[in-house]
Structure formats: C-alpha cells, structure tokens
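Chemist: All I have is the shape, not the residue letters:
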C-alpha cells in the first residue's frame, strides 16, 4: 500500500465482532446508528462484514484495517481508484455521520477518521 493516498482514503467495509454484537440484528443496529450502510452484510466466523463500497473501486493492495473506538468495531479502508486522471467521486458521505460523539468514540478518533477519509474540516 502506498504510504499516502493522494486523494484520501474511504471506508470499504465495516467489521462488527460477534463477541460484542452476538446477533446480526445487534450488529445491524450499531451500523445504522452510526450512519453506515447496512444493505450488504456477510456473516463470518468472528465478524459480520457490512460492505460500504465495492472493493473493485479501490487500488489493489491499498486496504488496511483500523479500529473504530473501543467498541471492537473495525473499518477496512482503501485508496479509491483514479478514473480518467481524476479521483472517483465519493460513493457515500459516511465520515461525518459515522462518528457519534456520545458513544465510546473520542475526539482524537473523530479527527483521525476525518484525516483518513480526506476530510479537511
């Protein structure tokens, strides 16, 4: 993965652990409450994966996993592909809605997510 994504990273998938959210309904509730898309979910051995953007829209080998606060939930982020010499338009505005300040997220994580997602606000 390149050290820096020149156009800003985006969240491709959100991983919700079964240990903290044992049912698909509880995982989906967390996803919706935090402003993520809950339309495509895959239940695995230890996590439920909620796809936000198709992985084909990202540069190969640009994916990495980051924690989202103390909840155990993680995000798979990646560098979007450039199309026709410019960055692909944002597929979803998830950064601002995805962080709830009244949850176990802290301000430092909120700022980190904005930086990782290319937000300058």
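Modeler: Cool, the structure landed. Because the structure is predicted, anything quoted here is derived from the model rather than measured. Numbering: from 1, shown residues only.

Chemist: neighbouring strands for the longest strand along the chain, and are they parallel or not?
Modeler: Counting by DSSP state E, the longest strand found in the chain is strand 10-17. Sheet pairing here is set by DSSP bridges, and for strand 10-17 it gives strand 47-51 (antiparallel), strand 74-78 (antiparallel).

Chemist: Show me what secondary structure element comes after the last one.
Modeler: Past strand 74-78, heading to the C-terminal end, the next element that is a helix or strand (DSSP states H and E) is strand 82-83.

Chemist: Same check on the first one?
Modeler: Scanning forward in sequence from strand 47-51 by DSSP H and E, the next helix or strand is strand 64-67.

Chemist: For that next one, give the mean pLDDT please.
Modeler: Taken as a whole, strand 64-67 has a mean pLDDT of 96.

Chemist: before we move on, what about stretch 27-42?
Modeler: Mean predicted lDDT for stretch 27-42 stands at 94.

Chemist: what sits up against the next helix or strand after the longest strand of the chain?
Modeler: Using DSSP H and E, the helix or strand that follows strand 10-17 towards the C-terminus is helix 24-33. Contacts to helix 24-33, defined as CB atoms under 8 Å, 6 or more residues apart in numbering, come from residues 14, 16, 18, 21, 37-38, 41, 43, 48, 50, 71, 73, 100. (Each C-beta comes from the backbone N, C-alpha and C, glycine too.)
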